[in-house]
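# Here is a sequence together with a model predicted from it:
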Amino acid sequence: MYVKLWMKKNFKTLKITNTVDDAIKLFFEKDIEIILITRKNNTLLSAIRREDLAILMEYNSDDYLIDVFEPIEDFLYEDDLVEDVLLTMLETDYKILPVVDYDMKPVGLFGFQELIKSMVSITALNEPGTKVILTLDDKPGELKKIVETISNNNLNILSMTTCKISENRRMLSIKLSIKDVNEVSYILDKCDIEYDGIYEEA
C-alpha cells in the first residue's frame, strides 16, 4: 500500500532565503510540528521540526535557513510502501516525515496518525466481517489449503496478516467479509482446518 493514499497534503514551507526568525514565527503562529525548507526550484532541501526550536534560538534571527540546515536524508517518496515507513520511523525516531515526488518536490507529510489510519485500512478494522485466527507451521504450502477453502466457498478476504510466534510457527489473521461466525466455523470444520478463534467485527 502506497504512502500517497494516506499522506497529509496540507503542510507549510519556507524558502532557503527565509530566516531563522521567519521559521520561529511560523511555528508559533500556526502551531505546527514541521516546516519544509525548499530550494528556489521548489525541491526539498530540509525540514525543521518543533524540537529544533531550541537549536534555532542559538542562531541570529536574520540568519538564512540555508546556512543553518543540512540537506535532509530522511524523507519518503509518495510511492513508498507504508509497511516500509514503519521501519524508517523506528530507525529515525521521527514521528513525521516529508513526502516528495520523483522530482524531489514536497507533496505531503506522513506521520504517526497517517500510519495508524493506513494500518486500520490495511487490516480492514473499519469494515464489518469476521476475523479468523489460525496457527500454522512456518513453511511453504501451509496457506494454500486455507486460501483455496475460502475461495471455493465464495468468501471474500478483506485482509490477511501473519506474525511469527516461534521458530517454526506463524500466527495468521484473516478478515472475511461474511459476518456469520457459525457459517465460517462450519466451513473450516468441514474442511478439517483447525483455528484458534473466530470473532465477529462490526
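Done, it's in.
# mind checking the end-to-end distance for stretch 194-202?
When the termini of stretch 194-202 are compared using Cα to Cα, to the nearest Å, they are 24 Å apart.
# which residues touch that stretch?
With contact meaning Cβ atoms under 8 Å, 6 or more residues apart in numbering, stretch 194-202 is reached by 125, 127-135, 171, 175, 179, 181, 184-185, 188. (Glycine included, C-beta is placed from N, CA and C.)
# again with stretch 63-81
In contact with stretch 63-81 (Cβ under 8 Å, 6+ apart) are residues 1-4, 7, 14-20, 22-23, 37, 44-48, 56, 59, 85, 88, 92, 94, 97-102, 107-108, 110.
# again, only this time at 7 Å
Outside of stretch 63-81, the residues within contact range by Cβ atoms under 7 Å, 6 or more residues apart in numbering are 1-4, 7, 14, 16-20, 23, 37, 44-48, 59, 85, 88, 92, 94, 97-102, 107, 110.
# just stretch 19-39 next, same as before
11-16, 44-50, 53, 56, 59-65, 68-69, 96, 98, 106, 109.
# Give me the mean pLDDT for it.
The average pLDDT within stretch 19-39 is 94.
# Ends of it, what's the gap?
Terminal residues of stretch 19-39 lie 13 Å apart, using Cα to Cα.
# List only buried entries from the contacts of stretch 63-81.
Neighbour counting by 16 or more other Cβ atoms under 10 Å classes 3-4, 7, 14, 16, 18-20, 23, 37, 44-48, 59, 85, 94, 97-100, 107, 110 among the contacts of stretch 63-81 as buried.
# mind listing the helices for the chain?
Under the criterion DSSP state H, helices of the chain are mapped to 20-30, 53-56, 82-92, 112-122, 144-152, 181-190.
# got the angle between the last one and helix 144-152?
Taking axes from the mean of the first three to the mean of the last three Cα atoms, to 10 degrees, helix 181-190 and helix 144-152 form an angle of 130 degrees between their directions.
# Centre of the chain to helix 181-190, how far?
33 Å (Cα atoms, centre = their mean, to the nearest Å).
# Only C-alpha atoms, please: export it in PDB.
Below are the C-alpha coordinates for helix 181-190, written out as PDB (Å, rounded to 0.1, in the frame of the first residue of the first chain):
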ATOM      1  CA  VAL A 181     -19.400 -16.700  12.700                       C
ATOM      2  CA  ASN A 182     -21.300 -20.000  12.600                       C
ATOM      3  CA  GLU A 183     -21.100 -20.300   8.800                       C
ATOM      4  CA  VAL A 184     -17.300 -19.600   8.900                       C
ATOM      5  CA  SER A 185     -16.700 -22.200  11.600                       C
ATOM      6  CA  TYR A 186     -18.900 -24.800   9.700                       C
ATOM      7  CA  ILE A 187     -16.800 -24.300   6.600                       C
ATOM      8  CA  LEU A 188     -13.500 -24.600   8.400                       C
ATOM      9  CA  ASP A 189     -14.600 -27.600  10.400                       C
ATOM     10  CA  LYS A 190     -15.900 -29.400   7.300                       C
END
